[in-house]
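>>> have a look; sequence and predicted model below, questions after that.
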Amino acid sequence: MKKAHFLDDAKVEKGVLTVSLAFKDKKPVVMNVKLVSKPGLRIYLGVDEIEKKRSPSILLISTPKGVISSLQAVKERVGGEVIAEIW
């Protein structure tokens, strides 16, 4: 999420994860986060389905190449499990 500019800083100290959200023009970049996949219902999308999704939100996708954003998944032509939707 730091590469996608949603987080300003992330660090781990003594097993505690501390993150600070990014701001643009004194407004937070992340307005809302919705969990998509749940333990009882996993949602998977292929790269073609990710490309068809046209909205201002960005998906966090768990792929064989790691957890990446939908923009990066389209560039690398990989699909996977949709973890969350951020807008």
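Great, that's in hand.
>>> CA only for contacts and neighbour counts going forward, please
Fine.
>>> mind listing the strands for the protein?
7-13, 16-21, 23-24, 27-28, 33-35, 44-45, 58-63, 66-69, 80-86 (DSSP state E).
>>> which residues touch the third one?
Where contact means Cα atoms under 8 Å, 6 or more residues apart in numbering, the residues beyond strand 23-24 that reach it are 8, 29.
>>> run the last query once more with 7 Å
Strand 23-24 is contacted by residues residue 29 when judged by Cα atoms under 7 Å, 6 or more residues apart in numbering.
>>> adjacent strands (with direction) for that strand?
strand 27-28 (antiparallel) (DSSP bridges).
>>> over to the fifth one?
Each strand pairing with strand 33-35, determined using DSSP bridges, is listed with its direction: strand 80-86 (antiparallel).
>>> now the partner strand against strand 58-63, angle please.
Angle, strand 80-86 to strand 58-63, by axes from the mean of the first three to the mean of the last three Cα atoms, to 10 degrees: 150 degrees.
>>> for the residue most central in space within the chain, name its beta-bridge partners.
Nearest residue to the geometric centre of the chain (Cα atoms, centre = their mean): residue 60, 2.6 Å. Taking DSSP bridges as the rule, residue 60 bridges to residue 69, residue 84.
>>> would you quantify the distance from it to residue 25?
From residue 60 across to residue 25, the span is 24 Å (Cα to Cα, to the nearest Å).
>>> much appreciated, bye for now.
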